[in-house]
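# quick one, what's the 3D model for this:
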Amino acid sequence: MAETDLDDRTEDRGTRDRVSREILHHGPVTASDLAGTLGLTPAAVRRHLDTLTEQGLVCTWDPPEGAPRRRGRPARLFVLTDTGHSAMSTAYDDLAVHLLEFLAETAGPEAVREFATVRAERLAQRYRPAVEAAGADPLHRAGALAQALSTDGYAASVRSVEERGRRGETQVTGKQLCQGHCPVQQVAAQFPQLCEAETHAFSSLLGVHVQRLATLAHGEHVCTTHIPLSAVTSKLSQNPNTSTATSRPPARVEPDVTSCEENAADEHRFAS
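A predicted model of the protein is given here:
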């Protein structure tokens, strides 16, 4: 009997890990969506969500004021807490922080920035073949970049930023590259140079000037990088092989920062 109880507890932990990882990849997400994706009953999912909530690993997410809401009683959306994200981080965060602190103290802050740049350039070099294979369109390249990032554990996707025109029609005004997990989140919280260098690498890979709107390292539920449609249109009207990463960036836009989170409960797919 005791052995059966132990097996049940082990299976429960394994299922909760699956639930946590699904929330990591697609949160904010509803219990019903989790049940459908994981092949579990809604009751079973809610039981695991209750346990994860009690453990401080999961919490409910409320859309910001003014965000569009569906008709009827709104379903609860779940996201990982900071503790939940930390539980999925590597065990080497403290070591990495100490090493970068030592580097800053002995070689100066510029050495940390140089390290971040070299790290980002190596990431870009690894992702470039897949991105280049997607063609010249920066939006297609963004989808390829998201897939490459997901392979490395960043839980990335691309989602549209939509606005309503004067006549009520819906227009896509840009895209957002969303990262639901960051392997260096805890380190980047103390050394934002890592995020800055990563953003520049994304600009280089996509061939357009992108804007980092939110980061997990600064307490957001997802890293959000905006790809302005105006810049993409301008880019495609020029020579598609000419990078604009180092040219004058377009005028700053103010897109909806919460786009990644608000659309996360809908059907997820890469931009094509």
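# burial measure for residue 165, as a count.
Neighbours of residue 165 under the rule other CB atoms under 10 Å: 8. Bear in mind the C-beta positions are built from the backbone N, C-alpha and C, glycine included.
# was I right about it contacting residue 171?
Yes - in terms of CB atoms under 8 Å, residue 165 counts as a neighbour of residue 171; the distance is 5.4 Å.
# where do the strands of the stretch 51-200 of the chain begin and end?
Ranges of strands in the stretch 51-200 of the chain, per DSSP state E, counting those that start in this stretch, are 58-61, 77-80, 156-164, 170-179.
# run me through the strand neighbours of the third one, direction for each.
Take DSSP bridges as the rule and strand 156-164 pairs in its sheet with strand 170-179 (antiparallel).
# low-confidence bits of the stretch 101-250 of the chain, can you list those?
Across the stretch 101-250 of the chain, residues meeting the criterion (pLDDT under 70) sit at 230-250.
# just to revisit the earlier point, most packed of the strands of the stretch 51-200 of the chain?
strand 77-80 (a mean of 24; mean count of other CB atoms under 10 Å).
# for that one, C-alpha coordinates in PDB please.
Extracted in PDB, the C-alpha atoms of strand 77-80 (Å, rounded to 0.1, in the frame of the first residue of the first chain):
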ATOM      1  CA  LEU A  77      -5.700  32.600 -16.600                       C
ATOM      2  CA  PHE A  78      -2.600  31.100 -14.900                       C
ATOM      3  CA  VAL A  79       1.000  32.100 -15.100                       C
ATOM      4  CA  LEU A  80       4.200  31.100 -13.300                       C
END
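# so which other helices or strands are in contact with that strand?
helix 2-26, strand 58-61 (3 or more CB pairs under 8 Å, 6 or more residues apart in numbering; DSSP states H and E).
# centre of the chain to the shortest one, how far?
Distance of strand 58-61 from its chain centroid, counting by CA atoms, centre = their mean, to the nearest Å, is 17 Å.
# avg pLDDT for that strand?
Computed over strand 58-61, the mean pLDDT rounds to 88.
# quickly run through the sheet partners of that strand, with directions.
With DSSP bridges as the test, strand 58-61 is paired with strand 77-80 (antiparallel).
# chain center to the partner strand: distance?
Averaged C-alpha coordinates place strand 77-80 at 14 Å from its chain's average position (CA atoms, centre = their mean).
# next up, the contacts around the closest residue to residue 184 other than its chain neighbours.
Of all residues not flanking residue 184 in the chain, residue 194 sits nearest, at 5.8 Å (CB to CB, 6 or more residues apart in numbering). For residue 194, the contacting residues are 116, 119, 120, 184, 187, 188, 217, by CB atoms under 8 Å, 6 or more residues apart in numbering.
# now do the same contact list for the fourth one.
Okay, so that is residue 184. Contacts of residue 184 (CB under 8 Å, 6+ apart): 93, 96, 194.
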